[in-house]
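Student: this one's structure only:
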Ligand SMILES: NC(=O)c1ccc[n+]([C@@H]2O[C@H](COP(=O)([O-])OP(=O)(O)OC[C@H]3O[C@@H](n4cnc5c(N)ncnc54)[C@H](O)[C@@H]3O)[C@@H](O)[C@H]2O)c1
Ligand SMILES: NC(=O)c1ccc[n+]([C@@H]2O[C@H](COP(=O)([O-])OP(=O)(O)OC[C@H]3O[C@@H](n4cnc5c(N)ncnc54)[C@H](O)[C@@H]3O)[C@@H](O)[C@H]2O)c1
Ligand SMILES: NC(=O)c1ccc[n+]([C@@H]2O[C@H](COP(=O)([O-])OP(=O)(O)OC[C@H]3O[C@@H](n4cnc5c(N)ncnc54)[C@H](O)[C@@H]3O)[C@@H](O)[C@H]2O)c1
Ligand SMILES: NC(=O)c1ccc[n+]([C@@H]2O[C@H](COP(=O)([O-])OP(=O)(O)OC[C@H]3O[C@@H](n4cnc5c(N)ncnc54)[C@H](O)[C@@H]3O)[C@@H](O)[C@H]2O)c1
C-alpha cells in the first residue's frame, strides 16, 4: 500500500484523491477548506490540519492547486512541505501553472534533495470523477514509471511529454489552442446567427471542412509540414475572404477581434511575399516572426 | 444538351468548365486571359471573345471571378452580360464575393427580369479538377433543382444553404472560421516548437482534445448549446491559462496576436459575471456583444 | 459671382453651403432629403429637384455625401451629374471616402473630360457652421488656386496635401490616428479609474509626457526620425511595462484589446533584435513589416 | 547629512545616486555588477559588497532594480535588507514594477515594522543624469515630505499620486498610454509613408488635431467628461473611417493590429446603441465593458 499526501481538494483534487483511495492507496489529505478535508475523510482518507502534516511518512506528495504562487508557497514557503516530507518521496504537481514556475520549483526542490515531476491533466472535472483524465507527464522515465500506478487510477491515458517541464508545456499549448479556439468559434457562430443562417446548416458545412476539423490533420500534413507551399488555396484569397467576413461583421454588428487580428497576420504574410503561397504558409510566417528558420 | 456560358477560367473556373464539358454540356467560354480561353477550346468549348458573346443563346451563365466588383462589371457593367443573355437563362455566380454584393446583384438583375442564384464552392483547386467540390447553393428550391445537374458534375456534394444569399453567407462563415483557425494553429504550434516540444507530442495530445477536434461537436453540444452553463471548465481558469500562455510567449518571443485578442474576450466575460460559468459561455458573451439575447 | 452646384446638405454640407451663400456665391442645391433643400432655399439657395438639375450652368460641383458609393452614384451613375454639368466646371468632392474610390472617380471623370479634385475636411460640424474647417486639398496647384476662394469661406486653413488623391489620403491618416487614439485613451483612463486613481492625477501626469502630448513632436524627432536608435528608453523595458499594465487590467477587469495588440508588436520587435534599441524603433519595426527599408 | 543605502546602479540608478551625492548626502551603494559600484565609489559613495551591508545605519533605502521579483528578493529574500536595515529608515522603491507587487511589499514590510513607499520615475536616463526626472510619489503625506529633499535632487517635479501604491499605478497608466501610443503612431506614419504622403504634410496636419494633440485636452473635456454625448463627430462616422483606413492598409500592405482592434471597439459601441453618439462615447463603452456605471 502506497501512502500519498494530497494537497488541494477542489473540483479536481477531491475527485482524484477519491479515485486514489478506491484504488487501494492510503491518502493523507489537506485543503484550507475544512469541509473538503472532511469530505475526503468520509471516504477513507486521513484528515490533516496542515500541508506539513499531510506529507509526513508518505511515498508521494501530490498538489492540485489553483496557481503557481500557491504551489510554491505550499511546497517551499509557509506550507513547509519540503521540510516536512521524506527526502525520498516524489512530489507530483498536477495543477496547471506557469511552466517557468514549474522549472523553478524542480530546481529549488532539487537543492533540498527532493525530486519533483509535474503531471497536469487534460479534460474536465467530469473526467476527474470518472478517473478518465488525460495525464500529461513531465519527468524522467523513472519518475513516470514510479508514478504510473497512481496515474492509472486518476486517468485513462498518460502521455510522456518528453522530460521534466514538458508535461506542463504541452498542457499550456493544448489549453491555449482550445481556449482561444473556443472564442474564435463563438465569433464565427455569432456572425452566422446574425446573418440569418440556420445553426444546423453552418454546423453541417463546417463539420466537413478545416473550419470544424482543424488544420493539423487536414490541410497541413501535405502542405506546410511537408515543405510544399504551392497553393491549393492562396494566402491572397484567404486574406480577401477574411476582409469580406470582417466587413460583413462590422456592417451587421458582430465584434470579431480575433478575426481582425488574424487578418493582420495574413497582411504581414502578403507583404513578406507569401501572397501566392498556400494558406498553410501562415505557419511559416509566424515561425519567421518568432525568429525560427523558414523555408521560403 | 445544355448550353452554358462560363466566364472566368482561372485556377478554379477552368477545371469546373472542363468537367461540365466532360458531362456532355456545350460550353461557351470567356476570360480576359486568351490562353485560358484557348485551353478550354482545346477541350471542346466554344471560344468567345467577349462575355456578351459567351452568353448568347445559353441556358445558364456561370461566373467564377476573383471578386465582387468584377462580377458586377461583367454582369451589369461593361461586360454587358445582362443585356446580351436570354431572359430565361439562370445566372449562377460561383465566385467568393461579399454577400451584400450578391444580394445587390440578385436585386439588380431581377429588375431586368433575370434570375440569379449563387453557388460558391468549398475545398480547393484539386477538388475542382476532380469534380469533388462542395457546392454551397443559395437560391430557391426551383433554382437549385434546375442547376443540380451542373453542380453534380463540378462537385460531389451540394448543400442547400436555405435560400437566396445564404450560399455565399455560409461560404463566408466557413472560410472565416477555417482561415482564422489556420493562423491560430500557427501561433500554437510555433510556441510549441519554441518551448522545445516535439511536434508529434503536441499533435498527439491536441488531436484528442477540442484543440484539435474543435468545439462544435465536443464541448458545445451539451453545454452552451443545451443552455447549461454550469462549469465543466470555468471561464476563470480558461482566462488564467491564456494569461500563462501569453506570458510564456512574450518571454520566449512568439507573437500571438490572436491569443492576445481572445484573452480580452475572456476578460470581458469575467467582468460580465461569467467567471464561474462554463468556458463555452464565451459564445453567450459574443452573442451579448452583438446585441443578441442571452440566457445568463 | 460664382455659381456652385452643391449636393449633400447634411450636418456638414448644409453649413458649408450656407457659408458659401454668405460669401456671395450663387448656390444650386440638392439633397434626397427635401427638408434639407428647403432649408437652404430659405437662406438664398436655388432649390433643385435632382442632382443633374443642380449642376447645370455651374462653375463648381461640390459633393458632401456619406460614402464613396453614393458619390460615385451621384457623379457617374443614376445621379447623372457628369452628363449634366458643364465640361469646364470643377468637381470637388469634400466627403470622407476611400482614397482608391477617389482615384477611380478622378480617372473616370477625366475620360469624360471633367476635372475633379478632392477636399475632405477636418474638425467637426461646429467648425462647419463657423466656417473654420480644415481643408485638406488634393489636386493640382491650379485646381487648388481655383477653388481657394470657396475654401476660404468654408474653412480657416487649407493644406495643400501634395497632389490629386493626397488630400483624402492625409484625411484618412489623420482620422485613423485620432479615432484609434480615442479608443486607446479610453482603455488607459478606464484602467486608471478602476485601480483607484484620481482622474486629475492621471491627467496631470500624462499631459506632461508623450502619453498626452504624443510622440511626433517629443520622442521621435531626435531618435528614430534622426536615425538614432540608441536607447533613451529600451524596447525591452517598454515591453515589460506593457505586460504589467495588461496583467493588471486582466486582474481588475478592464478589457484592453489595443494594448494587447501593441504588446505583440513589441514582442515582434524584440524577436527582431530590437530589445535594446530605443522604444521609438517600433516605427522601424512596423516599417519593416510593411516591406519598407529600415536602418537596423 | 543624510545617509542613503542605494541598491541598483544601472542606467537609471547610477545617475540618480550620483545626484544624491552631489546634493551632499552620504551614499552606501550596492549592485551585483561590481563595476557599477566602483564607478559610484569614484564619485564619493561608500562601496558595499552586499545589499545588507549597504543598508546598515541609513536613513533611507532606495531600490532601482529591473523588476518586482528582484526588489522582493533584495528586500525580503536573499538580499536580507529588511533584517539588516534600521527599523526607522524609510524604504523607497523607485523601480517600475507591478503595482500588486508594490502593495504586497508594503504590507510584508509593515509586518516587520518597516515603512516603505514607492516613487517610480517618469522620463528617461538623460533626465536621470540631469536630475530632472518626474517623481511619481506613492506614500503618506509624511513619507513624501520626508523623502522630498532626496526627490528634489533626482527630479525636477514630484507628483503626489494620492497615497501608498498610487505612485506606481499612475506610472503604469502613463507608460501604458505612451508605449501603446508609440506603436499606434508607428502604424499611422507607416501607412502615411506607404501611400505616398510627405512626412511633413502628415505631421503638419496631425499636429493640429487630436491625432497629434491627444484627446484628453481637446475633444474629451466638453464632451464625454462633461456628460455630453451629442455628436460633434459620430461613432458611426468614426467606425466608417477606421474601416476605410484598414481596408487601405490591407490593400497596400501595412499591418495595423492596433487599428484593427480599435475598430472592433467601435463595432461594439455601435451594437450598444452608440452609433449616433459623439465619438468620445467610446470612453463610456470601455467603462461599460469594465463594469463601471455609464451615463448612456
Ligand atoms: N476544473 C477543471 O476542469 C480543470 C481541468 C484541468 C486542470 N485544472 C487545473 O487544476 C487545478 C485545480 O483546479 P480545480 O478546478 O480543482 O480548482 P478549485 O478552485 O476547485 O480547487 C482548488 C483547491 O485548492 C485549495 N487550496 C487553495 N490554497 C490552498 C493551500 N494553500 N493549501 C491547501 N489547499 C489550498 C482550495 O481550497 C480548493 O479546494 C488548477 O490549476 C486548474 O487550472 C482544472
Ligand atoms: N482557388 C481556390 O482554392 C478557391 C476555392 C474556393 C473558392 N475560390 C474562389 O473562386 C473564385 C475564382 O478563384 P480562382 O482561384 O479561379 O482565381 P484565378 O485568379 O485563378 O481566376 C480568375 C479568372 O478570372 C479571369 N477574369 C478576371 N477578370 C475577368 C473579366 N472581367 N472577364 C473575364 N474573366 C476575367 C482571370 O483572367 C482569371 O483567369 C474566387 O472568388 C475565389 O475566392 C477559390
Ligand atoms: N460630421 C462630421 O463631424 C464630419 C467631419 C469631417 C468629415 N465628415 C464627412 O462629411 C461627409 C458628410 O457627413 P455629414 O455628417 O454631413 O453626414 P450626414 O449624414 O449628416 O449628411 C449626408 C447628406 O447626404 C444626403 N444624401 C445621401 N444620399 C444622397 C444622394 N444620393 N443625393 C443627394 N443627397 C444625398 C443625405 O440626405 C444627407 O443630408 C461624410 O463623408 C463624413 O464622413 C463629417
Ligand atoms: N531606463 C529608463 O529610461 C527608465 C525610465 C523610467 C523607469 N525605469 C525603470 O527603472 C528601473 C531600472 O531601470 P534601468 O534602466 O536602470 O535598468 P538597468 O538594467 O540598467 O539597471 C538595473 C541594475 O540593477 C542591478 N541589479 C540587478 N539585480 C540586482 C540585485 N539582486 N542586487 C543589486 N543590484 C541588482 C543590475 O546589475 C543593474 O545595474 C526599471 O524598473 C525600469 O523599468 C527606467
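Tutor: Sure thing, it's come through. Because the structure is a prediction, the values reported are computed rather than measured. Ligands and ions are numbered 1, 2, ... in the order given.

Student: from now on I want contacts and neighbour counts done on CA atoms only, so please keep to that.
Tutor: Will do.

Student: strands along the stretch 51-200 of chain A, start to end?
Tutor: Under the criterion DSSP state E, counting those that start in this stretch, the stretch 51-200 of chain A contains strands at A:60-63, A:90-93, A:115-118, A:121-122, A:133-137, A:155-160.

Student: minimum distance to ligand 2: which of the ones you listed has it?
Tutor: strand A:121-122 (35.8 Å; C-alpha to the nearest ligand atom).

Student: distance of residue A:132 from residue D:26?
Tutor: Using C-alpha to C-alpha, to the nearest Å, residue A:132 is found at 66 Å from residue D:26.

Student: more neighbours: the two, which one.
Tutor: Between residue A:132 and residue D:26, counted using other C-alpha atoms under 10 Å in any protein chain shown, the more crowded position is residue A:132 (22 against 19).

Student: does that one touch residue A:125 like I think?
Tutor: No. Judged on C-alpha atoms under 8 Å, residue A:132 makes no contact with residue A:125 at a distance of 9.8 Å.

Student: which residues are in contact with the nearest residue to residue A:150 once chain neighbours are set aside?
Tutor: Nearest non-adjacent residue to residue A:150, counting by C-alpha to C-alpha, 6 or more residues apart in numbering or on different chains: residue A:20, 6.7 Å away. The contact partners of residue A:20, taken as C-alpha atoms under 8 Å, 6 or more residues apart in numbering or on different chains, are A:26-27, A:150, A:153-154.

Student: at 7 Å instead, please
Tutor: With contacts defined as C-alpha atoms under 7 Å, 6 or more residues apart in numbering or on different chains, residue A:20 is in contact with A:150, A:153-154.

Student: that one - that's part of a helix, no?
Tutor: Yes. Per DSSP: H, G, I helix; E, B strand; the rest coil, residue A:20 lies within a helix segment.

Student: next, work out how far apart it and residue A:12 are.
Tutor: Residue A:20 is 13 Å from residue A:12, by C-alpha to C-alpha.

Student: can you read off the pLDDT for the most centrally placed residue in chain A?
Tutor: Geometric centre of chain A, nearest residue: residue A:171, 2.8 Å, by C-alpha atoms, centre = their mean. For residue A:171, the pLDDT comes out at 98.

Student: try residue A:124
Tutor: So residue A:124 comes in at 88 (pLDDT).

Student: which residues in chain A form helices?
Tutor: Along chain A, counting by DSSP state H, helices occupy A:13-22, A:34-41, A:51-54, A:68-76, A:81-84, A:99-111, A:125-130, A:141-154, A:166-194, A:199-206, A:210-213, A:235-252, A:257-269, A:282-289.

Student: most tightly packed of those?
Tutor: Ranked by mean neighbour count, the helices of chain A are led by helix A:257-269 with a mean of 28 (mean count of other C-alpha atoms under 10 Å in any protein chain shown).

Student: where's the closest residue to residue A:215 other than its chain neighbours relative to ligand 1, distance?
Tutor: Nearest non-adjacent residue to residue A:215, counting by C-alpha to C-alpha, 6+ apart: residue B:182, 6.4 Å away. Distance of residue B:182 to ligand 1, computed by C-alpha to the nearest ligand atom, to the nearest Å: 25 Å.

Student: what pLDDT does residue B:182 get?
Tutor: For residue B:182, the predicted pLDDT is 98.

Student: and for residue A:137?
Tutor: 98.

Student: then residue A:294?
Tutor: Confidence score, pLDDT, at residue A:294: 88.

Student: what residues are up against it?
Tutor: A:284, A:287-288.

Student: switch the cut-off to 6 Å
Tutor: Counting by C-alpha atoms under 6 Å, 6 or more residues apart in numbering or on different chains, residue A:294 makes contact with residue A:284.

Student: domain parsing for chain A?
Tutor: Per automatic domain parsing, the domain ranges recorded for chain A read A:3-164, A:171-289.

Student: what distance do you get for the residue of chain A found nearest ligand 4 to ligand 1?
Tutor: Chain A approaches ligand 4 most closely through residue A:104 (17.1 Å), counting by C-alpha to the nearest ligand atom. Here the criterion is C-alpha to the nearest ligand atom. By it, residue A:104 lies 17 Å from ligand 1.

Student: residue D:48 is nearest to which of the helices of chain A?
Tutor: When those are compared by C-alpha to C-alpha, helix A:99-111 sits nearest residue D:48, at 28.0 Å.

Student: got the contact list for stretch A:106-115?
Tutor: If you take C-alpha under 6 Å, 6+ apart as the criterion, stretch A:106-115 is touched by A:87, A:90, A:116.

Student: before we move on, the earlier item: do you know which of the helices of chain A lies nearest residue D:262?
Tutor: helix A:257-269 (8.9 Å).

Student: quick one: residue A:231 and residue A:280 touch, right?
Tutor: No. The pair residue A:231 / residue A:280 is not scored as a contact, 8.8 Å apart, by C-alpha atoms under 6 Å.

Student: more neighbours: these two, which one.
Tutor: Between residue A:231 and residue A:280, counted using other C-alpha under 10 Å, the more crowded position is residue A:280 (29 against 18).

Student: ok and the residue in the stretch 1-150 of chain A nearest ligand 3?
Tutor: Closest point on the stretch 1-150 of chain A to ligand 3, by C-alpha to the nearest ligand atom, is residue A:98, at 47.6 Å.

Student: against ligand 1, how distant is that residue?
Tutor: Applying C-alpha to the nearest ligand atom to residue A:98 and ligand 1 gives a distance of 10 Å.

Student: contacts only, for that residue.
Tutor: residue B:244.

Student: again, only using 7 Å
Tutor: A:68, B:244.

Student: what residue in the stretch 101-250 of chain A comes nearest to ligand 1?
Tutor: Minimum separation of the stretch 101-250 of chain A from ligand 1 (C-alpha to the nearest ligand atom) falls at residue A:124, amounting to 3.7 Å.
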